[in-house]
Every structure is written in C-alpha cells, then in structure tokens.
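Return a 3D structure for these sequence lines:
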Amino acid sequence: MRASAQPVTIAVDEGQRVSGLLQAPPGVRACYVLAHGAGAGMAHPFMGAIAGALAERRIATLRYQFPYMEQGSRRPDTPKLAQATVRAAVAEASRLVPELALFAGGKSFGGRMTSQAQAAAPLSAFRGLIFLGFPLHPAGRPSNERAKHLFDVQVPMLFLQGTHDQLADSKLLQTLAGELGAHATLELFQDADHSFHVPARTGRKDAEVMAEMADALAEWIDMQIGRAVQR
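Model (predicted):
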C-alpha cells in the first residue's frame with residue numbers, strides 16, 4: 001500500500017510555483033493536504049513517515065513546500081503568501097484527486113497557516129483541519145493568542161499533540177478544545193514533544209507514537225466521512 005510519492009508542481013500565482021509530493025496508492029478514500037513546519041520542508045523524515053503511515057491506512061497525502069523553503073530561505077513567508085500557498089495546494093489536490101474527501105493542515109507552522117487561511121475565507125471542497133502539533137505559543141511563554149482565529153473556523157478540527165510539547169501547554173490546549181466545542185477533537189500523546197519524540201526512559205519508541213497518530217488521524221477522517229454520508 002505504500003506507493004511512492006509522485007512529484008507535482010503547484011502554481012501559487014502567475015509568477016510563483018512550488019513543489020509537491022502526491023502519495024496516493026490504490027484504494028485510498030481521502031487525501032490530507034499536508035504542510036510542513038517552519039524549519040524543515042516536505043521531504044523531512046517526519047513528513048515522509050506520516051505520509052507513509054497514512055498510505056498504509058488508505059489515506060493519500062499531498063505534501064508541498066512554502067515558497068521560502070522552495071527558495072532555500074530560513075525566513076518563513078508572510079501570512080498572506082503562506083495562506084495563498086495553502087489555497088493553491090488544496091485547489092491542486094482537488095484537481096488531482098477529485099474523487100477523494102479532502103482534509104488539510106500540517107505540522108506546526110503549516111497547520112497554523114492552514115487554519116488562518118480557513119478563518120480568513122473558507123477553503124473550497126474540503127472537510128476539516130488536522131494539526132500535527134499546533135504551535136499555541138512560543139516556548140516557555142504559555143498563551144492562547146495564536147488560537148483566536150480558530151473561533152472563526154466552522155469546520156471540524158483534529159489536534160494531535162504531545163503532552164511535553166513546549167509550544168502548547170496541555171492544560172491551555174485542553175481548555176481551548178473545550179471552548180471550541182463540537183468543532184474540536186484533541187488527542188494527546190503521552191511524553192511526546194513538539195516533534196512527537198519520546199524519551200527512551202519511557203520504554204516507548206517514536207515509531208509507536210507515529211503509528212498511534214496515524215491510527216487516530218485515520219479514525220477521525222472516517223468519522224467525518226461517515227457524518228457527511230449521513231447528512
């Protein structure tokens with residue numbers, strides 16, 4: 001089931017294009033448009049691992065680069081450009097795999113830019129947001145300032161978060177999920193940090209956490225597809 005990822009090109013605007021990787025083995029039922037974090041691009045081992053794990057669970061992925069990463073810069077794009085890239089990627093996924101239920105989000109920065117895009121103006125033809133470590137606040141500075149826009153999001157949201165994530169205090173995140181109500185689902189992974197790494201002393205391995213994340217993500221997607229069918 002773990003088919004190789006196929007390169008694609010995504011046009012952000014008339015003068016700017018970015019690279020993408022579509023991993024869609026036979027029999028998939030949904031596609032997750034997956035944005036990378038601030039410090040590493042779509043080919044980072046974490047991104048490849050989650051895409052592979054989801055392929056095994058019959059979930060396709062479209063990974064893609066933000067323009068700054070495509071250009072080899074370390075400075076993230078402005079929110080306006082990042083959000084335009086999110087929209088272009090979701091539109092391209094809709095064109096490439098029109099038969100699949102679409103979900104969008106990503107790792108840290110990528111997930112936040114996706115939710116900001118959705119809050120500003122709803123993305124077309126997609127079912128929900130999935131965050132792989134939502135960056136709720138800077139390390140060591142607990143706050144929910146970065147979450148204000150989530151109250152303008154009117155689609156289901158899944159938060160996958162480590163309990164030792166320095167960019168998201170667990171108690172703050174649990175409170176936020178409660179305030180967001182029925183739109184939000186929070187899945188916590190014990191001892192995992194922002195990269196979903198777990199210390200050796202826990203007796204667990206990162207691969208186990210990755211498998212648990214992929215299971216939770218796939219089950220949530222199935223729930224959203226089932227709800228859509230019932231309507």
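
So the residue located most distally from the centre of the chain, which state does it fall into?
Relative to the mean C-alpha coordinate of the chain, counting by C-alpha atoms, centre = their mean, the farthest residue is Arg201 (28.4 Å). Using DSSP: H, G, I helix; E, B strand; the rest coil, the secondary structure recorded for Arg201 is helix.

For the residue nearest to the spatial centre of the chain, which non-adjacent residue is spatially closest?
Centroid-nearest residue in the chain, with C-alpha atoms, centre = their mean: Gly106, separated by 2.0 Å. Of all residues not flanking Gly106 in the chain, Ala35 sits nearest, at 3.2 Å (C-beta to C-beta, 6 or more residues apart in numbering). Where you see a C-beta, it was placed from the backbone N, CA and C, and this is true even at glycine.

Quick check: bridge partners of the one you found?
Here Ala35 sits in beta bridges with Tyr64, Gly106, going by DSSP bridges.

Could you measure from it over to Phe126?
As for Ala35, its distance to Phe126 is 13 Å (criterion: C-beta to C-beta, to the nearest Å).

The two - which one has more neighbours?
Ala35 (28 against 22; other C-beta atoms under 10 Å).

Could I get the buried residue list for the helix or strand harbouring Met213?
In this structure, Met213 sits in helix 206-230 according to DSSP states H and E. Using 16 or more other C-beta atoms under 10 Å as the test for burial, helix 206-230 gives 209-210, 212-214, 216-218, 220-222, 224-225.

how far is that helix from where the chain is centred?
13 Å (C-alpha atoms, centre = their mean, to the nearest Å).

Does anything pack onto the lowest-mean-pLDDT helix or strand in the chain? Which helices or strands?
Sorted by mean pLDDT, DSSP states H and E, the helices and strands of the chain end with helix 206-230, the least confident at a mean of 91. With contacts taken as 3 or more C-beta pairs under 8 Å, 6 or more residues apart in numbering; DSSP states H and E, helix 206-230 sits against strand 30-35, helix 45-56, strand 59-64, strand 101-107, strand 129-132, strand 157-162, strand 184-189.

which outside residues touch the fourth one?
With C-beta atoms under 8 Å, 6 or more residues apart in numbering as the contact definition, strand 101-107 has outside contacts at 29-37, 46-47, 86, 89-90, 93-94, 111, 113-115, 118, 123, 125-133, 158, 221, 224-225, 228.
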